[in-house]
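Engineer: Sequence first, predicted model second:
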Amino acid sequence: MQEPARGAQAMNPVLSSIDLIAPASLDEALRELAADPALRPFAGGTDLMVQLEAGALHAGRYVSLWGFRELRGIHEEQEGVTIGALTTYSDVRKSRLIAERYPLLGRAASETGGVATQNRGTIGGNIANASPAADTPPALIVYDAELELRSAAGSRRVPYVSFHRGYKQMDLKPGEIIAAIHLPSRQTDPARDYYRKVGPRRAQAISKVCFAGAAHLDGPRVRDIRIALGAVAPTVVRAMGAEAAVRGGRVDESIIAAARTALLADISPIDDFRSTAEYRSRVAANLLREFLTALARS
Amino acid sequence: MSERVTTRIACTVNGRRVSFDAHPMARLLDVLRAELQLTGTKEGCGEGECGACAVILDGELVNSCLTPAIHARGASITTIEGVSADEDLHAVQESFLACGGAQCGICTPGMVLAAMELLSKTPDPTEADIRAGLSGNLCRCTGYRRIFEAVLDACKSLPAVPRP
């Protein structure tokens, strides 16, 4: 019988076309990114290592950002809260600040993967992976998040809602990384926030539909509203039509009906191995009803 | 492409200083099993879904199939082999034995480490805490009931689990 291969011999053959460098500092990593526009960031590895094992990881060079303290942590600021891009799901899940002010984000973090995934998966990675089925982006859209993008040349801030340009397409320039997420101070009542992820099982599952909503009520009228969904379009989407159908009105059956019709035009779900377009449309509309009905009762 | 295939990585595994040459993106799982001969860490799905390969790295549960070797540099890692000394089992292991929490055994190393991580952070967990703490670890034999009972049993015999 042959001895099992060991060490380098047991190595995944894909690795021979891949390198992963681990600079000692963020500045050094940004310089490496500036020098090689093809260099790709690598954070906690919970997505890229899956692609590696599946033989689907792009060949080339990667730069590890894991361990840079300045990119990790949740900080209260004058105009809101800043979350470093390397902040893990576990960090978000355990944050009292997030639970009190931006509860949907805490919910999304606690419903993503198990503990081991939450300990390594990062919020910046969840954005950069650009999966339309990611669970934190709908919450980020509902909270009007902005992204801080950084390169060796400096940094800029962009609204998150327009960051994803198409399926896996992002508003990132060569050499730029996602450095932080800024959540502005809220006018809305966190107690009315709504989040629901629908998947094949409660834990450790990828969404068939993910829905996040927040509303600002003025008496019985809806002064402002945000609705965003995952897994129902090429990117996570803000449901502008459904929002418009509700904004300024008082939630009743006719508004719910109008919002449902508008929602179906906001989304463009597909049939794939996780679900069908028909199921996703129906569930999205039902979640909208659940959210609006709860608002009407509040 | 890069000419550098492997890099030297030094870390602490189960309290012992070790160093090895590995591709920086090699799976920690393969390094543990093939390079360090620590085959207690199991490979289940290889994609972070099942938790069979879980180890504790710098005090946190991670799936070693999703951890690149370079992230082990300078780290302190506990595998199932480091949980007990010889025949002297850890209280969590004793409870898994006593409650029938292990059957075929493939999920057990990851399950025990996940239970230890849970108890180190939540010494007096509710059943909901246990379900959430172990939700990343799949078992196809026990139906989970006996595993949850084992974790509850462990906290009775173990008021404060020392952090690994």
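Structural biologist: Sure thing, it's come through.

Engineer: and chain A, what are its domains?
Structural biologist: Following automatic domain parsing, one gets these domains for chain A: A:15-64, A:69-184, A:193-297.

Engineer: Spatially, what comes nearest to the residue in the stretch 1-150 of chain A positioned nearest to chain B if we skip its sequence neighbours?
Structural biologist: As assessed by C-beta to the nearest C-beta, chain B sits closest to residue A:114 within the stretch 1-150 of chain A, at 1.5 Å. The way it works is simple: take the backbone N, C-alpha and C, and place the C-beta from them, glycine included. Leaving out its chain neighbours, the residue that sits closest to residue A:114 by C-beta to C-beta, 6 or more residues apart in numbering or on different chains is residue B:136, at 1.5 Å.

Engineer: what are the ranges of the helices in chain B?
Structural biologist: Using DSSP state H, the helices found in chain B span residues B:28-30, B:91-99, B:108-121, B:127-133, B:145-157.

Engineer: got it, and the stretch 151-298 of chain A?
Structural biologist: Using DSSP state H, counting those that start in this stretch, the helices of the stretch 151-298 of chain A run over A:240-246, A:253-266, A:277-297.

Engineer: What residues sit buried inside the last one?
Structural biologist: Think helix A:277-297. Within helix A:277-297, the residues scored as buried using 16 or more other C-beta atoms under 10 Å in any protein chain shown are A:280-281, A:283-285, A:287-289, A:291-292, A:295.

Engineer: thinking again about what came up before, do you know how far the residue of the stretch 1-150 of chain A closest to chain B is from residue A:167?
Structural biologist: Distance of residue A:114 to residue A:167, computed by C-beta to C-beta, to the nearest Å: 27 Å.

Engineer: what's the answer for residue A:286, then?
Structural biologist: Note on residue A:286: its distance to residue A:167, by C-beta to C-beta, is 25 Å.

Engineer: re earlier: any chance of the buried residues of helix A:277-297 in a markdown table, with pLDDT too?
Structural biologist: Below are the buried residues of helix A:277-297 laid out as a markdown table (pLDDT from 0 to 100):
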| residue | pLDDT |
| --- | --- |
| A:280 | 94 |
| A:281 | 93 |
| A:283 | 93 |
| A:284 | 94 |
| A:285 | 95 |
| A:287 | 95 |
| A:288 | 95 |
| A:289 | 97 |
| A:291 | 96 |
| A:292 | 96 |
| A:295 | 93 |
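
Engineer: Counting neighbours, what do you get for residue A:186?
Structural biologist: Here the number of neighbours of residue A:186 (other C-beta atoms under 10 Å in any protein chain shown) works out to 16.

Engineer: try residue A:94
Structural biologist: Residues contacting residue A:94 under the criterion other C-beta under 10 Å number 16.

Engineer: and what of the one 4 residues further on?
Structural biologist: By the criterion of other C-beta under 10 Å, residue A:98 has 23 neighbours.

Engineer: can you map out the strands along chain B?
Structural biologist: Secondary structure of chain B (DSSP state E): strands at B:7-13, B:16-22, B:54-57, B:60-63, B:76-78.

Engineer: okay if I get these as CSV plus mean neighbour count, mean pLDDT and distance to residue A:172?
Structural biologist: Listed next are the strands of chain B as CSV, based on neighbours: other C-beta atoms under 10 Å in any protein chain shown; pLDDT from 0 to 100; distance: least, C-beta to C-beta, whole Å:
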stretch, mean neighbour count, mean pLDDT, distance to residue A:172
strand B:7-13, 17, 97, 28
strand B:16-22, 15, 97, 30
strand B:54-57, 27, 98, 29
strand B:60-63, 28, 98, 27
strand B:76-78, 22, 98, 33
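
Engineer: got JSON lines for the ones you listed, with distance to residue A:102 too?
Structural biologist: Listed next are the strands of chain B as JSON lines, based on distance: least, C-beta to C-beta, whole Å:
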{"stretch": "strand B:7-13", "distance to residue A:102": "36"}
{"stretch": "strand B:16-22", "distance to residue A:102": "39"}
{"stretch": "strand B:54-57", "distance to residue A:102": "29"}
{"stretch": "strand B:60-63", "distance to residue A:102": "24"}
{"stretch": "strand B:76-78", "distance to residue A:102": "33"}
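
Engineer: No further queries at this time; thank you.
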